[in-house]
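Participant: missing the sequence, but the structure's below:
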């Protein structure tokens, strides 16, 4: 799947979020709901912003930290597991939790 088709898939899955949009950044795309930045699409993967409440669930599922290079590591962004990505209802729930940070 190309980067653009993956981005389009993610945007389609998250279309129910108010003001959903994306913007090029980090060599990928930043995801916004209104003005709130909550996710990153990069290299065929989706990352959501975490907080102390949501981080344990990501760690339990061995979700990778967003690190496009050794010098650029965003520890509060973790990869969304494939089984969540493919389940629209669960993905929206995780996205809404990412927006609460």
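Facilitator: Received the coordinates, thanks. Everything numeric here is computed off the predicted structure, so don't read it as measured data. Residues are numbered from 1 along each chain as shown.

Participant: For residue 19, give me its contacts.
Facilitator: Residues in contact with residue 19 (C-beta atoms under 8 Å, 6 or more residues apart in numbering) are 32-35. (Glycine included, C-beta is placed from N, CA and C.)

Participant: and the helix or strand hosting residue 93, how far out from the chain's middle?
Facilitator: Assigned by DSSP states H and E, residue 93 belongs to helix 88-99. Distance, stretch centre to chain centre, for helix 88-99: 9 Å (C-alpha atoms, centre = their mean, to the nearest Å).

Participant: Which other helices and strands does it contact?
Facilitator: helix 3-13, strand 36-42, strand 45-49, helix 82-85 (3 or more C-beta pairs under 8 Å, 6 or more residues apart in numbering; DSSP states H and E).

Participant: Setting aside sequence neighbours, what's the nearest residue to residue 76?
Facilitator: In this structure, residue 76 finds its nearest non-sequential neighbour in residue 50, 5.4 Å apart by C-beta to C-beta, 6 or more residues apart in numbering.

Participant: The one you found contacts residue 74, doesn't it?
Facilitator: No: between residue 50 and residue 74 there is no contact under C-beta atoms under 8 Å: 9.9 Å.

Participant: Model confidence for residue 2, exactly?
Facilitator: Per-residue confidence (pLDDT) for residue 2: 61.

Participant: Likewise for the one 4 residues further on?
Facilitator: The model reports residue 6 with a pLDDT of 94.

Participant: That one is in contact with residue 29, isn't it?
Facilitator: No: with contacts counted by C-beta under 8 Å, residue 6 stays clear of residue 29, the gap being 9.6 Å.

Participant: about what we covered before: adding pLDDT as columns, could you present the contacts of residue 19 in TSV?
Facilitator: Shown next, in TSV, are these (pLDDT from 0 to 100):
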residue	pLDDT
32	97
33	96
34	93
35	92
